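*Asks:* any chance you can model this:
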Amino acid sequence: MNAKTTKSDQPTFIEEARRKQIIDAALQTIAEQGYTQTSFAEIAKGLGITKGLIAYHFNGKHDLITSAIHTILNQQGHYIKERVDAQPLAQDKLRIYIEASFEYIEQHRQHFVALVDLWGSFTSAEEKQAFSQTAYDPCRAHLQKIFRIGREQKEFGDFDVQAMSAVIQGAIDGVMLQWVFAPQAVNLGTAARELAGLFSDRVSKK
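*Replies:* Predicted coordinates for the structure are as follows:
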C-alpha cells in the first residue's frame with residue numbers, strides 16, 4: 001500500500017527533505033536525458049535508492065512531475081517577491097521583478113532546461129490549462145499588483161494593465177527559452193537591463 005495515500009498528517013522534516021532530494025534528482029535527469037527517457041528507475045539509480053522509495057513519496061510519474069513544476073515556480077516566485085517587496089517605489093519594483101526573474105533563471109539552469117522539456121510534454125487541454133494557471137496566473141497577478149501600486153503612487157501612466165502584465169512575462173519567458181536552447185547567444189544580465197529599461201519607459205507617467 002502506498003503510504004502517501006494513507007497519511008493525513010503533514011510530511012515530517014525528513015520526508016520533506018527526501019521529497020526535495022527526489023525532485024532535484026528528477027529535474028537533473030530530465031535536463032540531461034529528456035522527459036521521455038526519465039523514469040523512476042533512472043531517478044533512483046542516480047540517487048542510489050530504490051524505485052519503491054520514490055513511489056512511497058509520489059503517486060506515479062505525473063505526481064512527481066507536477067510537484068517538480070510547482071517547486072521550480074514557487075521557489076522562483078518567492079525569490080522575486082522577497083526582492084520586489086524590499087523596494088518602496090513601483091518603478092524599482094518593476095525593474096527588480098524583471099532582473100530577479102533572470103537572476104533566478106541563470107542560477108538554476110538545469111531546472112529551466114527541464115521545465116522547457118516538460119512544457120512540451122503536455123498533450124491534453126487539461127494539462128496545458130493547469131500549467132498555465134500554475135506558471136502564469138501568479139506572475140501576471142504580481143505584475144498587476146506592481147502596476148496598481150505605481151498608479152496609486154502616481155508613478156505610472158495609462159496603459160492596459162492586463163495586457164502589459166502578459167507582455168512583460170512573455171518577454172521574460174521568451175528570452176529564457178532562447179537561453180535554454182543557446183546559452184551562448186543570450187546574456188541574461190544584459191537582457192534584464194534592456195527589458196527593464198524598455199518597459200519602465202513605457203509605463204512611466206509622462
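*Asks:* look up how far Pro88 lies from the residue nearest the centre of the chain.
*Replies:* Central residue of the chain (CA atoms, centre = their mean): Leu73, 2.8 Å from the mean position. In this view, Leu73 and Pro88 are 27 Å apart by CB to CB, to the nearest Å. C-betas here are computed from N, CA, C, even on glycine.
*Asks:* now Glu82
*Replies:* 15 Å.
*Asks:* then Pro183?
*Replies:* 35 Å.
*Asks:* these two: which has the busier surroundings?
*Replies:* Using other CB atoms under 10 Å as the criterion, Pro183 and Pro88 rank with Pro183 on top: 13 against 9.
*Asks:* the more buried one: what's its closest spatial neighbour, skipping adjacent residues?
*Replies:* Arg109 (7.4 Å; CB to CB, 6 or more residues apart in numbering).
*Asks:* hey, which helix or strand in this structure has the poorest pLDDT?
*Replies:* Least confident helix or strand of the chain, by mean pLDDT, DSSP states H and E, is helix 125-135 with a mean of 84.
*Asks:* for the helix or strand that that one is followed by, what is the average pLDDT?
*Replies:* Using DSSP states H and E, the helix or strand that follows helix 125-135 towards the C-terminus is helix 137-152. Helix 137-152 carries an average pLDDT of 96.
*Asks:* check which helices and strands helix 137-152 is in contact with.
*Replies:* helix 61-85, helix 90-107, helix 161-181 (3 or more CB pairs under 8 Å, 6 or more residues apart in numbering; DSSP states H and E).
*Asks:* tell me which of those sits most buried.
*Replies:* helix 90-107 (a mean of 21; mean count of other CB atoms under 10 Å).
*Asks:* then that helix to CSV, C-alphas only?
*Replies:* What follows is helix 90-107 as a C-alpha-only set of coordinates in CSV (Å, rounded to 0.1, in the frame of the first residue of the first chain):
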residue,chain,number,x,y,z
ALA,A,90,6.9,50.9,-8.1
GLN,A,91,9.5,51.8,-10.8
ASP,A,92,12.1,49.9,-8.8
LYS,A,93,9.7,47.1,-8.1
LEU,A,94,9.1,46.6,-11.8
ARG,A,95,12.9,46.7,-12.5
ILE,A,96,13.7,44.3,-9.8
TYR,A,97,10.9,41.9,-10.9
ILE,A,98,12.5,41.6,-14.3
GLU,A,99,16.1,41.5,-13.0
ALA,A,100,15.3,38.9,-10.2
SER,A,101,13.4,36.7,-12.7
PHE,A,102,16.6,36.4,-14.8
GLU,A,103,18.8,36.1,-11.8
TYR,A,104,16.9,33.1,-10.6
ILE,A,105,16.8,31.5,-14.1
GLU,A,106,20.5,31.9,-14.5
GLN,A,107,21.2,30.4,-11.1
